[in-house]
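In: coords please:
(one chain, ligands or ions: 2)
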Amino acid sequence: MVALIKMLYKICIVGDGGVGKTTILHQYVDGKFMEDTKLTIGTNIFLKSIILEEFDISIKLQIWDLGGQKFFASVRRNFYNEAKGIIYTFDLTRKSSLTDLTEWRNEIKKGLKEEFSSVLIGNKLDLINEKDRLINLEDILLTKKELSVSEYFETSAKNNTGIDNAFRKLAIDIFKATTP
Ligand code: G3D
Ligand code: MG
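Out: Ligands and ions are numbered 1, 2, ... in the order given. Reported below is the predicted structural model:
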C-alpha cells in the first residue's frame, strides 16, 4: 500500500532528569540501548518516520528532547511552540518522578496554548519486580487522569519494550485530533 498523505508532527518528551527520555529516543530511532547518555543540555531533536496503514498516511515525528534541569525552564518554554503531542515520562523506580509530572503539565500549559495530544510512559520496566512495585497502579492512574493523557504505557528502553506502541498511539491521537 502506498502512503498517500505525509504529515510532520512535533512532539516533546518531558519528565525529570534521569527517567530515561534520551535513552528511549535512541532506542526508538536508532534501535540501540545507549549505556551512557550524557545529561541532556539544551535540546536534541530526533526524527522518526512511521506509517499508519489504517489511515493510509506517512508521518514524520520530530521529537524534541528537552534538558530537564530546572534552570533551563525559561528557555524551555519556547520549545513547546507548535507541538502537537507530549510524552510525559516517569521512572517506575522513582516515585517523585511521577508526582513531578503535574509540574511539567503546568509548565506546558503556560507554553502551549493550542490543544495537544498526550500519552504517559512509565520507564525502566526491566528494573521492577512485579510482586513489589514501588509505585502502585492506582497512583499512576490518578496521575494519568490529572494529566488527561489518552493512555498509559510501561516501557523499557533497555529491552525495547512498549516504546513503539506509545509513539504510535500518540501519532494516531494527533492525526485524529488535527484532521477535520
Ligand atoms: P533523561 O534523558 O531522562 O535524563 P537518560 O535520562 O536517558 O539519560 O537515562 C538516565 C539513566 O537511566 C541512564 O543510565 C540510562 O542508561 C538509564 N536508563 C534509561 N532507560 C532505562 C531502562 O529502560 N532500563 C534501565 N535499566 N535503565 C535505563 P546511566 O547509568 O547512564 O545514568
Ligand atoms: Mg536526557
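In: tell me what whichever helix or strand residue 102 is part of is packed against?
Out: Using DSSP states H and E, residue 102 sits in helix 101-111. When contacts are defined as 3 or more Cβ pairs under 8 Å, 6 or more residues apart in numbering; DSSP states H and E, helix 101-111 sits against strand 5-14, helix 73-79, strand 85-91, helix 137-147. The way it works is simple: take the backbone N, C-alpha and C, and place the C-beta from them, glycine included.
In: Could you find the closest non-adjacent residue to the most centrally placed residue in the chain?
Out: By Cα atoms, centre = their mean, the chain has its centre lying nearest to residue 87, at 2.4 Å. Distances taken as Cβ to Cβ, 6 or more residues apart in numbering place residue 13 nearest to residue 87, at 4.4 Å, with adjacent residues excluded.
In: still on that earlier bit, check whether the residue nearest to the centre of the chain really touches residue 10, as I assumed.
Out: No: with contact defined as Cβ atoms under 8 Å, residue 87 does not reach residue 10; the gap is 11.9 Å.
In: So what angle separates the directions of the biggest helix by length in the chain and strand 85-91?
Out: The helix that spans the most residues within the chain, counting by DSSP state H, is helix 163-178. Angle, helix 163-178 to strand 85-91, by axes from the mean of the first three to the mean of the last three Cα atoms, to 10 degrees: 150 degrees.
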